[in-house]
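> how would this look folded up:
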Amino acid sequence: MTVTFHVGRSGSGKSEWMMKRIIQDLKRDPSGPTIYLLVPDQMSFEMERKMAMTDGLNGSTRVQVLSMRRLAFLMMRDRGVATDQFLDQTGTHLLLRRVVEMNEDRLTLFRRTMNQFGFYEELNQLITLLKRGLVDPEQLLRLSERDQHRSLKLQDLSILYEGFLTMTAGKSLHAEDYFNVLLQLLPDIDLAGTRFYVDGFNEFSEQELAVLVALAEKAPLDVLLTIDPDSLYRPHPVFGPTQRTLMRFKELLAERGLSSSDQLHTGSPRFQHSSLAYLEATFGQVTAVPYTRPDSHVVLHAAVDRSVEVEAAVREVVRLVREEGFRYRDIAFVSRSLEAYGDLATQALQKMGLPFFLDERQPMLDHPVVELLKATIELALRGYREEPVFRALKTELILLDAEHRRTSVDRLEAFVIERGIKHYHWHEDWYLKRRAEEEARLTGEELDLETALNRYRQTVVETFDPLLADLKAAKTMQSYTHAVYTFLERIDVASCLAYWRDEALEEARLLEAREHTQVWDAVLHLLEQLEAAAPDETLSTDLFLQMMDTGLDSLRYALVPPSLDQLTVTDYVRGRLIDKKVVFLLGANEDQIPLVSTQSKLLTDQDLDFMHENGVRAGKATEHLFDDETYYLYKALTAPSDRLFISYALVDRTGKAIQPAGFIADLKARLGGGKVVTTHFAEAGEHRPTDQLSFITNVNQTAAVTALELQRLSRHYPIQDKWFTVYNELLKHPEGRERIRLLTSALFYQNVPVPLPEDVAKSLYTNSIRASVSRLETYQACPFRHFARYGLRLKERRLYRLEAPDIGNLYHRTIEHMSQTVQMEGKEWRDVTREECSSLAEAAVELVTPEIQNAILMSSNRYSYLKKKLTDVVSKTAEVLIEQSKRDGFDPIAFELAFGSGNFPPVSFTLSNGATCELVGRIDRVDTASIHDQLYVRIVDYKSSKREIDFAEIYYGLAMQMLIYLKVLIEQASAWTQENVAPAAALYFHVHRPLVAPAETDADTERKVLESYQMQGLLVDDPAILEVMDRTAKLDQKKSIVIPVKYKKDGTLDANTTKKVVSPPQLEQLMDHALGLAQSSVEGMYDGEIGVEPYEYKERRPCQTCPFQSVCHFDEALSNEPRQLKKLEKDDVLSRLGGDADEVDE
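Numbers count the residues shown, from 1 in each chain. Now for the predicted structure:
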């Protein structure tokens, strides 16, 4: 038989000739021998549709539009060859993992990468290349002997390839094996009278060529190729792929003794405009006469970025459909890579509500069923760990509580995260509180929550335990797959998917409904493929789960166009654009065109070149890759019959400038210079007045654009009068009115909370409020932060981790316990030896540890080590307390003294609205000393971070606590002593483990360590009191290791010390001021003050540590400004407090 090659440039009418010829044959003999039209897979649907819609042809059973693989399948089926053991991509991945595991000991290079993500997909692609090139393992072995640098790699590949062929021989068919089987069947198949047409191919694999040559021996063959007729046998810079295909095809025909002929197609009947014909004719030419006509249908666009580029193209589509009568099916978006433009196009088209088909198979990894199975695999491998358990539960395929689906999962997750539940805890009862005495204090609500949590836990265990047991008992692939299917059946996944599908159909979400069906079919097919890979072979549970995970990674949704009238989005290498009138070429940038990608990550391009040089035709030679890029670009540019829009971005998503592709400059020169380029911006107002009309599309988008224009007006930029008209029209439209009001309200929104009504404030805070001083400091720092925490009672999710407050709590509790132990033994700190410190610290830490963050310090070896380090800090602190006590004349009389409970009453006052407030608190340590028959009191607050006195913070209400505590002790002295009491100091003690540089002697080093523990704070300016607090500092004329005091040689205080001491009247003023601020803070709460008004002081804001930023939305662009607090020294503050009342106001 003869093979006729129909060759011509793009648009020369080759396909139209073929269609006319087929139609003539069908009309002449409707029931004659079969006519086969062989096209690429991605082109079959469009060609069938085109055939069915041909005028004058009312259907036919004689013509079949098939891909080559489908042809092989049908012929195998008709000859009775079993095709049910077909290995698709998923099955191939699974089998390859099995092959690799079996040959692991024989591998060298691939052994290092076999567990990396994507390895099996790359291996599958490589084996596909070998099969298409008709390469056998022996060829690879022979090649490995010719190059020692590639020897190990080719040997590994040969081992795996041979193992794969052995495992599939006689059992299952790889995707490329269909052609091998067809080649064996063709000699016995009667094809008399049939005719084959081959269209849409740019090149053929060696396998495909072998099949076509075999068909040519049985029937006439017409092959359509895009080649310049004038350069049919002379190398051409554009038509490299098809020229190589033609030459190789003829070479194989000659080897079989088959004849061939060439039929040349000239002209350009496709193009409806001369500018498109000009572009096709001159593409690839070094020199060409410029196109001078002004009505070019080749339009160049630039955009500020890729998102704007796509949105501009979508707006043009809307215009073409509205104003020029194009159908969506006439239009295509193409780019070199959908990776860069697929998501952008999807978002823009969905936003505009346009029908489209994305020609890219999407992975199923995000579907709940696949996510459930992957989480279950991880759970089976690692146990009941937090992440896989809740990944599985959040798919909503496993119900903990049918009435409260999501709430039940949230509650369970919050408890697991807060308590640090480990995998071994899931089979134990859970308790809301850890210690027995705490259990007795559970409220009814807490008991209900505890019961619900254990019910949820039991549901999880009862769901997964049977599967884990089945997997453990299984030995063969068949038993493993049965266990997984039984699990899916037990939780009734099929019914849930059917419900989701029906729900999507009712709401016209057709693609989503189809996805639910496809996923279930894909999972069942995956289990079938697993079983087909090795049904009766024994394998470990880990290996099965790894194979299952590999299979899930490879699942893809099938490509089914949702409608007939839709815009196509594809890449111009894979896609086949049939009968498109308008094409938008997106991404004409140098980083996209040309885009020469690596053929394989397991073999380099140099490896493939080496194979080609030695007669092994796997993949492509590197020199051909660049030729192919030019050809594919040519095909994209010449696809439309009426309009071609070419666009490029000016910057990438990082803001970096990117250049147009190389061919853009040539097009600009040939199509009339730079005047043909239109630049698009993000906002309508940045365009020319006439171009702004294109932004008027659907209601939602028009409202959004109009709102942005009004925002430009508010920023004092001029806008076109037409936008006022558009605004008025939107107000007439029900949907538009709601949308534009929402958007404009957002544009002019100011983040200024309205004060709460008095009744609301009272309902939040009640008529009698008990508040800590730190709460009032929170109010002074930011009223809204106080409202969120104490009014709305918002809380962050508690995490099972040790944080600064937990460490501070541990320090407080351990020091309290050690101090009480010393007191109970009838000792003072000065009587304790250093050797006793360590045992005191260890005992205290051991006692307190279970109470800190749900006993987190007992949860792991890491935390045990951290506990030891914290014990060292506490022990060192105890040693310092001993040294300070030896010098200090003040003795502790109370630890963790609470006022507002027991015998120590709170500070109470009545507000202007009649409500009452009680200030409560806990003082870490109270020290006293009798000096000149007067009892003086000093308070000490333990801090896990360094803290110093700041008079400005006292004045602004940010540091009221110590002063109010001191005032409480003075005013309510009768609650704890019978003597008259006077204040002496309010000090901070920093609990830490200092790092100091070694001094000349050990004694000096120890002195530096002790000085680093010096307490900071406020002191009464009384020499007698100061000398009692450190009885050695004045004599030594050194820096005190107890209090922030340093004496000069003349016995007076140095300048730094005087900044921290105040006279008794001044201290009284400060305490009164603090108490007054506390009362005004409470008044402000009941007045409903909830302003987003954080302070800013010394470049510090409370926002830096605030957990409610996502609630308050503080933003200086939304009229929010921090309260600027001026830096005030001691004299400034005292001066203000001593002046008029107005001067005391901030």
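> what residue is smack in the middle of this protein?
The residue lying closest to the centre of the chain (CA atoms, centre = their mean) is Asp366, at 12.6 Å.
> Quick check: the gap between that residue and Ser860.
Using CB to CB, to the nearest Å, Asp366 is found at 33 Å from Ser860. Heads up, the C-betas are built off the backbone N, CA and C, glycines and all.
> Now do the SS call for the residue nearest to the centre of the chain.
Of the three states, Asp366 takes coil according to DSSP: H, G, I helix; E, B strand; the rest coil.
> and the biggest helix by length in the chain, how far from the chain's centre?
What stands out as the longest helix in the chain, according to DSSP state H, is helix 444-473. Here the centre of helix 444-473 is set off from its chain's centre by 30 Å, with CA atoms, centre = their mean, to the nearest Å.
> just stretch 543-550 next, same as before
Relative to its parent chain, stretch 543-550 has a centroid offset of 25 Å by CA atoms, centre = their mean.
> Number the residues from 70 up from this point.
Noted, 70 is the first residue going forward, which turns the last one into stretch 612-619.
> Give me the buried positions along that stretch.
Taking 16 or more other CB atoms under 10 Å as the neighbour-count basis, stretch 612-619 is seen to contain the buried residues 613-617, 619.
> Could you do stretch 944-957 as well?
Residues of stretch 944-957 classed as buried by neighbour count (16+ other CB under 10 Å): 944-954, 956-957.
> What of stretch 978-986?
Judged by neighbour count using 16+ other CB under 10 Å, the buried positions of stretch 978-986 are 980, 984, 986.
> Output that stretch as CSV - backbone C-alpha positions only.
Extracted in CSV, the C-alpha atoms of stretch 978-986 (Å, rounded to 0.1, in the frame of the first residue of the first chain):
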residue,chain,number,x,y,z
PHE,A,978,-14.4,51.8,95.9
THR,A,979,-17.7,52.8,94.5
LEU,A,980,-18.0,54.2,91.0
SER,A,981,-20.1,57.1,89.7
ASN,A,982,-22.7,54.7,88.3
GLY,A,983,-23.2,52.9,91.6
ALA,A,984,-21.2,49.8,90.7
THR,A,985,-18.5,48.7,93.1
CYS,A,986,-14.9,47.6,92.4
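> give me the element Glu885 is part of.
The secondary structure element spanning Glu885 is helix 873-893 (assigned by DSSP states H and E).
> chain center to the helix or strand just after that helix, what's the gap?
As assigned by DSSP H and E, the chain's next helix or strand after helix 873-893 is helix 903-917. From the chain centre to the centre of helix 903-917 is a distance of 46 Å (CA atoms, centre = their mean).
> Low-confidence bits of the chain, can you list those?
Within the chain, the ranges that satisfy pLDDT under 70 run 124-128, 151-154, 240-241, 502-510, 602-604, 628-631, 741-745, 1106, 1208-1215.
> quick revisit: how much space between the residue nearest to the centre of the chain and Val367?
Taking CB to CB as the measure, Asp435 and Val367 are separated by 39 Å.
> again, but for Asn923
Distance of Asn923 to Val367, given as CB to CB: 69 Å.
> And for Ala244?
As defined by CB to CB, Ala244 lies at a distance of 40 Å from Val367.
> next one: Gly895
Gly895 sits at a distance of 100 Å from Val367 (criterion: CB to CB).
> So between those two, which is more surrounded?
For Gly895 and Val367, the more surrounded residue by other CB atoms under 10 Å is Val367, and the numbers stand at 21 against 7.
> Distance of the residue nearest to the centre of the chain relative to Pro256?
Asp435 sits 48 Å away from Pro256, taking CB to CB as the criterion.
> ditto for Pro663
43 Å.
> So which of the two has more stuff around it?
Between Pro663 and Pro256, Pro663 has the larger neighbour count (other CB under 10 Å), namely 16 against 9.
> The more buried one and Leu702 touch, don't they?
Yes - in this structure Pro663 lies within contact range of Leu702 using CB atoms under 8 Å: 7.5 Å.
> where do the contact lists of those two overlap?
Overlap between the neighbourhoods of Pro663 and Leu702 consists of Arg405, taking contacts as CB atoms under 8 Å, 6 or more residues apart in numbering.
> Dihedrals phi and psi, His1001?
phi 50, psi 50 (degrees, to the nearest 10).
> Count the residues that sit near it.
Applying other CB under 10 Å, I find that His1001 has 8 neighbouring residues.
> One more: Val204?
Burial of Val204 is recorded as 22 neighbouring residues (other CB under 10 Å).
> orientation of the helix holding Glu885 relative to helix 903-917 in degrees?
Compare the direction of helix 873-893 with that of helix 903-917 by axes from the mean of the first three to the mean of the last three CA atoms, to 10 degrees and you get 120 degrees.
> buried residues in helix 873-893?
For helix 873-893, the buried set under the neighbour-count rule, 16+ other CB under 10 Å, comprises 875-876, 878-888, 890-891.
> Check stretch 766-776 too.
Using 16+ other CB under 10 Å as the burial criterion, the residues of stretch 766-776 that qualify are 766, 768-776.
> Would you convert those into a markdown table that also reports distance to Thr723 and secondary structure?
Conversion of those to a markdown table gives the following (distance: CB to CB, whole Å; DSSP: H, G, I helix; E, B strand; the rest coil):
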| residue | distance to Thr723 | secondary structure |
| --- | --- | --- |
| Thr766 | 29 | coil |
| Val768 | 34 | helix |
| Asn769 | 29 | helix |
| Gln770 | 27 | helix |
| Thr771 | 31 | helix |
| Ala772 | 31 | helix |
| Ala773 | 25 | helix |
| Val774 | 26 | helix |
| Thr775 | 31 | helix |
| Ala776 | 28 | helix |
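> need the contact list for the spatially closest residue to Leu255 that is not a sequence neighbour.
Here the nearest residue to Leu255 in space, its sequence neighbours aside, is Ala283; by CB to CB, 6 or more residues apart in numbering that works out to 4.7 Å. Residues counted as contacts of Ala283 (CB under 8 Å, 6+ apart) are 251-252, 255.
> Can you say which of these are buried?
The buried subset of the contacts of Ala283 (16+ other CB under 10 Å) comprises 251, 255.
> which one of the contacts of Ala283 sits closest to Gly860?
Each of these was scored against Gly860 by CB to CB, and Leu251 proved nearest at 76.6 Å.
> which residue packs closest to that closest one, ignoring adjacent ones?
Distances taken as CB to CB, 6+ apart put Ala141 closest to Leu251, at 4.1 Å, once the chain neighbours are dropped.
> cool, Lys945 as well?
The spatially closest residue to Lys945, leaving aside those adjacent along the chain, is Arg1062, at 5.7 Å (CB to CB, 6+ apart).
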